[in-house]
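K.L.:
okay, here's the prediction I keep looking at, along with the sequence it came from:
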Amino acid sequence: MVLKSHTNLLDMCCEDVFDFQQPLRSPRHVVNSPGIISDPDWESSNDGNSVGSMPFCFKRKIIVANFLPVICAKNEATGEWSFAMDDNQLLVQLKDGFPIGNEVIYVGSLNVQVDPIEQDRVSQKLFKEHRCVPTFLPAELQHQFYHIFCKQHLWPLFHYMLPVCHDKDELFDRSLFQAYVRANKIFADKIVEAVNSDDDCVWVHDYHLMLIPTLLRKKLHRIKVGFFLHSPFPSSEIYRTLPVRDEILKSLLNADLIGFQTFDYARHFLSCCSRLLGLNYESKRGHIGIEYFGRTVSLKILAAGVHVGRLEATLRLPATIKKVQEIESRYSGKLVILGVDDMDIFKGISLKLLGLELLLERTPKLRGKVVLVQIVNPARSIGKDIEEAKYEAESVAQRINDKYGSANYKPVVLIDYSIPFYEKIAFYAASDCCIVNAVRDGMNLIPYEYTVCRQGNEELDKLRGLNKSSSHTSTLIVSEFVGCSPSLSGAFRVNPWSMEDVADALYSVTDLTRYEKNLRHEKHYRYVRSHDVAYWARSFDQDLDKACIEQYSQRCWTTGFGLNFRVIALSPGFRRLSLEHLASSYKKANRRMIFLDYDGTLVPQTSHDKSPSAELISTLNSLCSDMKNTVFIVSGRGRDSLSEWFASCENLGIAAEHGYFIRWNKAAEWETSFSEPKESALVWHYQNTDHDFGSCQAKELVSHLERVLSNEPVVVRRGHQIVEVKPQGVSKGISVDKIIRTLVSKGEVPDLLMCIGNDRSDEDMFESINRATSLSELPAAPEVFACSVGPKASKANYYVDGCDEVIRLLKGVTAVSLQKDTAGHSHAAFEDTLEVVS
Ligand SMILES: O=P(O)(O)OC[C@H]1O[C@H](O[C@H]2O[C@H](CO)[C@@H](O)[C@H](O)[C@H]2O)[C@H](O)[C@@H](O)[C@@H]1O
């Protein structure tokens, strides 16, 4: 009879179970642009029109970003839309890094509003012509999502700005986050339509779309998803002010690979995962992995690059060459310093101008000799702060020009209107120096673009009378707060907040020899060429594949509602230990050995009172009273507290200090591994400290202790919020091994071995009892129940959720023993217990 309670226990495990090892299916679905009815057979509808119309043997790379890299125009007379890919955008250029034969599909919004009645037509045209899948967000949603939540909340916060606001209207408001969720969901739905097979990869870009990993994985559990953050990631002290901090972190952790531009941003992210979610990470041979419910989420630190070929091609255009000549002749005899920035509060435009003002004030000989050409791209967002930054920049520029300018000399030239790309390239090529003075920026590729353009080409060399490649020069001034700064070792690094620093750097530039400028240029040029956009994309793509390989050999469960959704991955064969299964084996066994860890297994880690409850004592006594059982507590704790706590358990064995001390029952003497009686280990606990700081200190302590104790017969180990130094040759695994062998030598051959534990030290026990199945002394392999508390990567073959479940299981199996004692009522007793425990 299958009791309802049994079923409940079995069902407890998951909402959804899936196995990554399943063979690939044929295309999951073939989905078309909105308005077209799906056709499941791509061969019969291969008109190039539908999202699913390509042969599925082509792997798809689905690139998702807030805006499609598309230039849109509408002919107002005919009402016709026309679209062209914007080849100057990183998202288009990254294709060069993908293997030939991969089909690249873009998902994102258009930067114009399209009337709902036109949306189907526009979708079809965009997909047919450019493999783009547009996400149409209603105007109000777009405003709340992008202009308010992204640009007014996330953008400042991710650029390390605390949300200190004087106006109540500017405070975080949950409805704005809901707009973010709704927008991300629209994107996720479009991605689902574009995915054809499990081999496809989705690469999500930037802070606008951080919820996509969760929203997408909810629908496609096996999808390979990578996320790259183009913006900075702030320190945990700033990030944790975000009211939806956990939802965003958890979502990013549903990706397989998370990329950052710099080590600092990755470090901040790790620190947030550790402080806010209590997660650990491991760094092995340059790869960082975060353990998240059995999955290893990989982290990648790789700065974006530029498309050298594209820049060179633009530089070769006759219009560009002409513009270069024009600029060079206009500023002949002057040192041209170039700035190219979006109008944004973090670009430090006025700080840059203040630095120039200080330079001119201090160094009169440079007046009339230096020009700062500042190209200001139009602001991408709206708001009082942008208006203020714009006003500030304009007034400082005006002041400098009034003070140090003349009829034919303007020290600051502000170009605050859109100019064509080739003109920008011409300014790069014609400028002696480029300055990026942002107070914070994810990467900033302007210095890279500038360096490529300064390499020039044969025609420019001829016009300039240069005949050696060694004659190329470039000079960079770069804020230490932008992502590209560490890669530019030949740049003058400045603190943008210090006008003196900026003025000094500007002065140094005026003072450099041509030779020095050439050396710096060569160094940067080599780096920029080899770390281009294709290198960045290829490297991310390859790492995403690698990150997914491990996941694909695992068995996975999905759990959690809403934004708490996550995947739990376990190695094959690892499953929840059900009472039904355990009880059935337990009942059949004639000789059972049971090893139980204490903290975190029988008593929750979180409880302040660590002593055993009356319920636990009674359950252990019931277990021990069965003559077929040998029961041991195997703990890292000292023997004093364990013997005091279990004073009422006459037949309970105790292995204290990881088995350094063993006592077979209360009446027996303590045995030790060594003849010299001394207390064996030293443990440093950090569970009551700040998690991040404690973990950091623990790492340092381990490496220090390993060094100073390298000649001592001890081992240094990290456990769950502890660092321990213990004698070599002592472990829970060794003590379990010893106990099993002792019993076997006495003729008490086990046919069931059970071991439950939660910590790293318990893994040694699991290993020992797994090994015991092949002991030559045993006539037959015993059945093994190695059980981890909490589903995680483990050598155990079973898991339970927590201490409560351990007690329930133990109580459940004691009912089997009771059966024998009360033969007449056995069935009822077993069932009763199961009702209670389930
Ligand atoms: O203004 P948004 O629509 O929110 O876009 C944000 C910025 O995206 C791009 O910059 C980011 O990516 C660059 C390439 O990796 C990186 O160099 C930069 O530091 C990031 O902020 C875009 O270039 C900017 O104009 C946008 O403001």
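P.N.:
Received, thanks. Residues are numbered from 1 along each chain as shown.
K.L.:
separation between the residue nearest to residue 505 when sequence neighbours are not counted and residue 517?
P.N.:
In this structure, residue 505 finds its nearest non-sequential neighbour in residue 492, 4.0 Å apart by C-beta to C-beta, 6 or more residues apart in numbering. All C-beta atoms are positioned from the backbone trio N, CA, C, and that covers glycine. Computed as C-beta to C-beta, to the nearest Å, the residue 492 to residue 517 distance reads 12 Å.
K.L.:
any shared contact partners between the two?
P.N.:
Jointly contacting residue 492 and residue 517 under the rule C-beta atoms under 8 Å, 6 or more residues apart in numbering are residue 475.
K.L.:
may I have the secondary structure class of the most centrally placed residue in the chain?
P.N.:
Computing the C-alpha centroid of the chain and ranking residues by C-alpha atoms, centre = their mean puts residue 258 first, at 3.8 Å. Assigned by DSSP: H, G, I helix; E, B strand; the rest coil, the conformation of residue 258 is strand.
K.L.:
next one: it, what pLDDT does it get?
P.N.:
Reading off the confidence values, residue 258 has pLDDT 98.
K.L.:
measure it to residue 290 for me?
P.N.:
Distance from residue 258 to residue 290, by C-beta to C-beta: 8 Å.
K.L.:
what do the two both touch?
P.N.:
Residues touching both residue 258 and residue 290 by C-beta under 8 Å, 6+ apart: 297, 299.
K.L.:
close to the ligand: what parts of the stretch 201-350 of the chain are there?
P.N.:
Within the stretch 201-350 of the chain, the positions adjacent to the ligand are 230, 231, 304, 342 by C-beta under 6 Å from any ligand atom.
K.L.:
residues contacting residue 527?
P.N.:
Applying C-beta under 8 Å, 6+ apart to residue 527 gives the contacts 487, 488.
K.L.:
do the one 3 residues further on as well
P.N.:
Shown in contact with residue 530 (C-beta under 8 Å, 6+ apart): no residues.
K.L.:
how close does it sit to the ligand?
P.N.:
According to C-beta to the nearest ligand atom, to the nearest Å, residue 530 stands 18 Å off from the ligand.
K.L.:
start the count at 28 instead of 1 going forward.
P.N.:
Sounds good: first residue 28 from here, last item residue 557.
K.L.:
give me the phi and psi for residue 833.
P.N.:
Backbone torsions of residue 833, given as degrees, to the nearest 10, read phi -60, psi -50.
K.L.:
contact partners for it?
P.N.:
623, 628, 629, 783, 816, 827.
K.L.:
wait, the first one sits on residue 661?
P.N.:
Yes. Taking C-beta atoms under 8 Å as the definition, residue 623 is a contact partner of residue 661 at 6.8 Å.
K.L.:
okay, and the common contacts of those two?
P.N.:
Listed as contacting both residue 623 and residue 661 by C-beta under 8 Å, 6+ apart are 782, 784.
K.L.:
and the stretch 78-227 of the chain, which residues reach the ligand?
P.N.:
Near the ligand, when you scan the stretch 78-227 of the chain using C-beta under 6 Å from any ligand atom, you find 93, 117, 177.
K.L.:
which of those fall in strands?
P.N.:
residue 93 (DSSP state E).
K.L.:
quick check, residue 278 in contact with residue 245.
P.N.:
No. Using C-beta under 8 Å, residue 278 makes no contact with residue 245, being 10.3 Å away.
K.L.:
which one of the two is surrounded by more residues?
P.N.:
residue 278 (25 against 21; other C-beta atoms under 10 Å).
K.L.:
how near is that one to residue 763?
P.N.:
Computed with C-beta to C-beta, the distance linking residue 278 and residue 763 is 41 Å.
K.L.:
now the strands for the stretch 628-777 of the chain?
P.N.:
For the stretch 628-777 of the chain, the strands defined by DSSP state E, counting those that start in this stretch occupy 656-661, 680-683, 688-690, 698-699, 709-712, 741-746, 749-754.
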